[in-house]
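Student: The following comprises the amino acid sequence and a computationally predicted model.
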Amino acid sequence: MYPVLFGFLPSFGVLVATGFLVGIWLWGRLLRRYGLDPERDPDRASDIAVWLLVGVIGGARLMYVAVESLRYLRADVTPAMRAHLERSPSAPELSAEEREGLQRITVGYQFLHDPLKVLFVWQGGLVMYGGLAGAIVCGIFAARRVGLHVWNGLDTGLTAGFVGQAIGRWGCLLVGDDYGRVVPEKYAHLPFPITLRVPSLEWLDAHPKSLFESELAGKVLWATQPWMSLNALLVSLVAYLVLRRRRWFGQVAGIVLIQYSITRAVIEMFRGDDVRGVWFGGAVSTSQIVAVFGVLAGVAILATARRRPVPAFLAP
């Protein structure tokens, strides 16, 4: 786990940027084989890249801000907690329950009372589903502008994009983000990448940019970060196999949305970080709620796919 590379590079940013560049490169390769205009479509994909980057970062950030702000607005904030949020010099001592609650709502409070913090992306705080939605919206807009077939761009773009996500997810592991719950003792002997052991408290103190909390020092957690990376690779593999045999545009996109939504919802059951947003007394996470809409969107795309037949020269 290395939150900083070479003494100054944030590992999360490096892996996300690498994943994005690999995804764009692979998208161009797929369009050479499965594009309606194999000569020009790869160049069109390059033209869309900046829009996709804006969509990924903007969408991921906005969803994070929305989740954290809503968590604060729904919280039962005691006068003592509010005094600490306002940094009052006369703030009273907090109970253990109030301290825990304060940790959950501080970020949302800051967004609502200092809106400029929304722009501080480098301080962390991105939600993958928001990035996916932002990339799709901006990608569709840009595809229409440059003349790339929207549905074919979506099928090939999602296939390549999940390879990029698989790379970026390793940045979560290096920085200690998106970590899993503490493993029951009877499973603590299982090796990586099923479980992982958090570094010692001394290591965490020496690496303050790590997102592992000090209370987790030395504990064994479910290794949800590599799980999500492997899951993204599996989604991309299935997407590629469908792409090779599809008969309708949108066939890949529909299957990808359904598959990813279901598998991500399952992985969420093993997550341990509250930053992902938990609702209904901690029973459901934000990603699990969004997964329901992801499945419905995928089903809707597949239900209308027959209206978009793939030309004979691309069909299997």
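Tutor: Nice, thanks for sending it over. Residues are numbered from 1 along each chain as shown.

Student: what's across from Val182 in the sheet?
Tutor: When assigned by DSSP bridges, Val182 has beta-bridge partners Leu221.

Student: Does it touch Val220 like I think?
Tutor: Yes - using Cβ atoms under 8 Å, Val182 is in contact with Val220, at 7.0 Å. In this view, the C-beta of every residue, glycine as well, is placed from N, C-alpha and C.

Student: Compare neighbour counts for those two and give me the winner.
Tutor: Val220 (19 against 16; other Cβ atoms under 10 Å).

Student: doesn't Ala232 make contact with Ala166?
Tutor: Yes - using Cβ under 8 Å, Ala166 is in contact with Ala232, at 3.9 Å.

Student: elements contacting the longest helix along the chain?
Tutor: Assignment by DSSP state H gives helix 41-74 as the longest helix of the chain. If contacts are counted by 3 or more Cβ pairs under 8 Å, 6 or more residues apart in numbering; DSSP states H and E, helix 41-74 sits against helix 11-34, helix 96-113, helix 128-146, helix 150-175.

Student: and after it, which helix or strand comes next?
Tutor: Later in the chain than helix 41-74, the nearest helix or strand by DSSP states H and E is helix 79-85.

Student: okay, which residue is most central for this protein?
Tutor: The chain has Met128 as the residue nearest its centroid, 2.0 Å off, counting by Cα atoms, centre = their mean.

Student: so how far is Ile194 from that residue?
Tutor: 22 Å (Cβ to Cβ, to the nearest Å).

Student: and stretch 168-188, which residues are buried?
Tutor: 168-180, 182-183 (16 or more other Cβ atoms under 10 Å).

Student: Need the worst-confidence member of these.
Tutor: Across the set of these, Asp177 stands lowest in pLDDT, at 86.

Student: what's the closest non-adjacent residue to it?
Tutor: Leu211 (4.8 Å; Cβ to Cβ, 6 or more residues apart in numbering).

Student: Going along the chain, name the strands of the stretch 201-316 of the chain.
Tutor: 220-222, 278-279, 284-285 (DSSP state E, counting those that start in this stretch).

Student: Let's test this: mean pLDDT of the last one, rounded?
Tutor: By that I understand strand 284-285. Mean predicted lDDT for strand 284-285 stands at 86.

Student: Equivalent analysis for stretch 74-91, please.
Tutor: 91.

Student: If you rank every helix and strand of this protein by mean pLDDT, what lands last?
Tutor: None of the helices or strands of the chain scores lower by mean pLDDT, DSSP states H and E than strand 278-279, at a mean of 68.

Student: Okay, Leu31 and Ala166: tell me how far apart.
Tutor: Counting by Cβ to Cβ, the gap from Leu31 to Ala166 is 20 Å.

Student: Comparing those two, which residue is more hemmed in?
Tutor: A count of neighbours by other Cβ under 10 Å puts Leu31 above the other of Leu31 and Ala166, at 26 against 22.

Student: Okay, now the unreliable bits of the stretch 201-316 of the chain?
Tutor: Residue ranges of the stretch 201-316 of the chain with pLDDT under 70: 274-278, 282.

Student: just the helices in it please.
Tutor: 201-206, 224-245, 251-268, 286-303 (DSSP state H, counting those that start in this stretch).

Student: ranking those helices by burial, who's on top?
Tutor: Of all the helices of the stretch 201-316 of the chain, helix 251-268 has the most neighbours on average by mean count of other Cβ atoms under 10 Å, namely a mean of 22.

Student: coming back round to it: for Leu70, which of the helices of the stretch 201-316 of the chain is the nearest?
Tutor: Minimum separation from Leu70 across those (Cβ to Cβ) falls at helix 286-303, 9.1 Å.

Student: Compute the number of surrounding residues for Val4.
Tutor: Val4 has 17 neighbours, counted by other Cβ under 10 Å.

Student: How about the contacts made by it?
Tutor: Contact analysis of Val4 by Cβ atoms under 8 Å, 6 or more residues apart in numbering lists 10-11, 207, 209.
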